[in-house]
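In: quick one: sequence and predicted model below, then my questions.
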Amino acid sequence: MKLNELIELYDQRTTKKFDEQDFRSELEKLIGKEGEESDFFLKAEYLAFDFVEIDNAASSSWGTYFGPKLVWKLDDGSILECPSINSINDGILNYWELRARTSINPILIARYSGLIWDFKKKITGKTPHFQYCELIIIASVDIANGDFHKHDYFTINKLKRAFELSKRLNDFKLINLVKDTILSYEVSHRNDEKPGLWGYSYDLLIDQKNKFLSNDEEDKIIIDLESKITRLLADETNNNQVNPWAIEAAAKRLAKYYRRKERIIDVKRVLGVVGNAFERIMNEAMPLQIAGWLEHLYNLFNDYGLKEEAMDILKRIRGQGPIAAESLRVETTKMEIPQDQLDVVISFINTGDLNTSINKIANFFIPSLQMVDEKIENLSQLHPLFFLIGHKLQDEKGRIIASVGPLEKDLDGHRALQISRDLKYSAIFLRKILEGLINDKGLNRDSIIDFISTTPIIEESRYEIISRGLDAYFQGDYLVFIHLLIPQIEEGIRNLVEKSGGQVLRPSPDKEGFNLKTLHNLLDSEILKEVLGQDCSDYLKILFTDQRGWNLRNSVCHGLASIETFNCNVADRILQTLLILGLIALKE
């Protein structure tokens, strides 16, 4: 098949139910088969359909509706895009203009005219004629009214763009044309079970507060959403299992509308339906699923100001947490550490006198953020799914206490998870080293007190408390050691911030006095990052105050830690933190 034959096949009013990628695939088959005289035309056609619709100009690296289908970073840091905007030139733009004016099929018209409207000024500096914008709008309406496109989703996107462009032209005839098409298309192509294929009439015409609807049209949209909830509740096609997410999609739009109209009773009613829909599927759900759905309902009710309903859900979450925790299956793995690795680390730290070894312990076990980031990068290549999804973290009673998003959006969260895992691994090394120093070099309470006595941030009045804690540590009473030392570490960090010129007070809520800043606020201060370094300040946050990490300060001081928390590995980390503080000296 020749290029002109392919174009003639697709560029007909009778050719329907295809999309742009179908046409691109046929063009791809022709590459390398056409004569040299057709190379330019084939290149121009293929390039026109190689770009993808970004659907949000702000998300495009070019600030355009169309963008590259692939973007990746090379080893030298440069960005490679395919296709590149640099592939477009005056000749190709002229060809697209001709195709936009002479094509018959609206799918092709919308594509060519859309590319001209997007790229002409960027490539040539000349503003495209507004007729190409009109062509996009009219072609999009034709696609919807004539059922040209293979997928409803793409038709909806084209109508959304057509509506925005018609408003930009301020052409009320086109605005009303697109509006009427949006209203009719949603009614004729609705699929109650697929929320992504409906609701856009509300989103575009009511939620964005456009003034193009009559009262009757607005009422019809709201009635349709109410009717949708009724149909979804009555659906018996799936063993009487309702689709609460579809019901929620309709109910949230209604709740937003009723809240704007100050119809609070209706807000409670439609969101109550969502709660009942989730209740219907909880009977056969796993405890962990139920806990997640309850959290979701709590956030939903709270976001819409239904405080009483949110508090009722919160009570259920507290009760559901232990049930969810008990339902989890414990998985154990064995890990062997080569003795030669252990010997290398022990030998490095044992070299020198006792004070030198203590100094090495304080520094050696601070994780390097650069190395952590490299490990995350490597793991994301080996296990991409883990880093593409979000994660919920639970406490010992099954309560969700923190969440970590996909790696692309939450690098800090994945750092916290990775460092927390690495601390458990390096704890084996730290324990062996401390045991060796105790047995071979006489590490004890007095040597540690002597080591920290040179730092100005631990006051002498605190030595008695620290000494009693150290006695408990060397006797294996980690419960006492941990409880005594964590507050002293917090006080030491507070002194460090204050002596470095930072502020440790904040106004009390009643404005009648001042409260001390919490340890988390202190660890997050720029002064502390400057003194300790980013690696150390982040490490201490993960160790003491980050719910995505060990969170020792908060879990111990708020009575959340179980007896299993007070073990030798946790105690060793707190001892190491004390040694880190002992390294701080006054700058002359």
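Out: Cool, the structure landed. Residues are numbered from 1 along each chain as shown.
In: in the stretch 451-588 of the chain, which spans are strands?
Out: 505-507, 514-516 (DSSP state E, counting those that start in this stretch).
In: nearest to residue 529, of those?
Out: strand 505-507 (18.6 Å; CB to CB). C-beta here means a position set from N, CA and C on the backbone, and glycine is covered the same way.
In: related to what we said a few turns ago, which one, of the strands of the stretch 451-588 of the chain, ends up nearest to residue 221?
Out: Taking CB to CB, strand 505-507 is the member of these nearest to residue 221, at 47.9 Å.
In: what is that closest one packed up against?
Out: strand 514-516 (3 or more CB pairs under 8 Å, 6 or more residues apart in numbering; DSSP states H and E).
In: what's the strand it packs on packed up against?
Out: Checking 3+ CB pairs under 8 Å, 6+ apart, strand 514-516 ends up next to strand 505-507.
In: can you rerun that using 10 Å?
Out: In this structure, strand 514-516 makes packing contacts with helix 478-499, strand 505-507, judged by 3 or more CB pairs under 10 Å, 6 or more residues apart in numbering; DSSP states H and E.
In: lowest average pLDDT across those?
Out: When the helices and strands packed on strand 514-516 are compared on mean pLDDT, strand 505-507 scores lowest, with a mean of 84.
In: what number of residues lie near residue 372?
Out: 19 (other CB atoms under 10 Å).
In: quick one: it and residue 366 touch, right?
Out: No. Using CB atoms under 10 Å, residue 372 is not in contact with residue 366; the gap is 11.2 Å.
In: overlap in contacts of those two?
Out: 535, 538, 539 (CB atoms under 10 Å, 6 or more residues apart in numbering).
In: got the contact list for stretch 424-443?
Out: Against stretch 424-443 from outside (CB under 10 Å, 6+ apart): 335, 337, 341-346, 348-350, 352-355, 357-358, 360-361, 364-365, 367, 419, 423, 444, 447, 451, 473-474, 550, 567-573, 575-576.
In: rounded mean pLDDT for it, please.
Out: In the prediction, stretch 424-443 has an average pLDDT of 91.
In: that stretch: which residues count as buried?
Out: 426, 427, 429, 430, 432, 433, 434, 437, 441, 443 (16 or more other CB atoms under 10 Å).
In: now do stretch 130-143
Out: If you call a residue buried by 16+ other CB under 10 Å, then stretch 130-143 has these buried ones: 132, 133, 134, 135, 136, 137, 138, 139, 140, 141, 142, 143.
In: which stretches of the stretch 201-350 of the chain have low pLDDT?
Out: 235-240, 321, 324-337 (pLDDT under 70).
In: number of nearby residues for residue 233?
Out: 14.
In: how far away is residue 251 from residue 257?
Out: Distance check for residue 251 against residue 257: by CB to CB, to the nearest Å, it reads 11 Å.
In: returning to that earlier point: deepest in the core, which of the helices and strands packed on strand 514-516 is it.
Out: Across the helices and strands packed on strand 514-516, averaging neighbours per residue (mean count of other CB atoms under 10 Å) puts helix 478-499 on top, at a mean of 19.
In: kindly export it (C-alpha atoms) in CSV.
Out: The C-alpha trace of helix 478-499 is given here as CSV (Å, rounded to 0.1, in the frame of the first residue of the first chain):
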residue,chain,number,x,y,z
TYR,A,478,17.8,-1.4,78.0
LEU,A,479,14.3,-0.4,79.2
VAL,A,480,15.7,2.0,81.8
PHE,A,481,18.6,3.2,79.6
ILE,A,482,16.3,4.1,76.7
HIS,A,483,13.9,6.0,78.9
LEU,A,484,16.6,7.9,80.6
LEU,A,485,18.8,8.8,77.6
ILE,A,486,16.2,10.0,75.0
PRO,A,487,15.2,13.1,77.0
GLN,A,488,18.9,13.9,77.6
ILE,A,489,19.6,13.7,73.9
GLU,A,490,16.7,16.0,73.2
GLU,A,491,18.1,18.5,75.7
GLY,A,492,21.5,18.3,74.2
ILE,A,493,20.2,19.0,70.7
ARG,A,494,18.2,21.9,72.1
ASN,A,495,21.4,23.3,73.7
LEU,A,496,23.2,22.9,70.4
VAL,A,497,20.6,24.9,68.5
GLU,A,498,20.5,27.6,71.1
LYS,A,499,24.3,27.9,71.5
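In: residue boundaries of the helices in the stretch 1-150 of the chain?
Out: Under the criterion DSSP state H, counting those that start in this stretch, helices of the stretch 1-150 of the chain are mapped to 3-10, 20-30, 39-50, 90-102, 106-124, 130-145.
In: so which of those helices gets nearest residue 392?
Out: helix 20-30 (36.1 Å).
In: give the other helices and strands that that closest one contacts.
Out: helix 3-10, helix 39-50, strand 52-53, helix 106-124.
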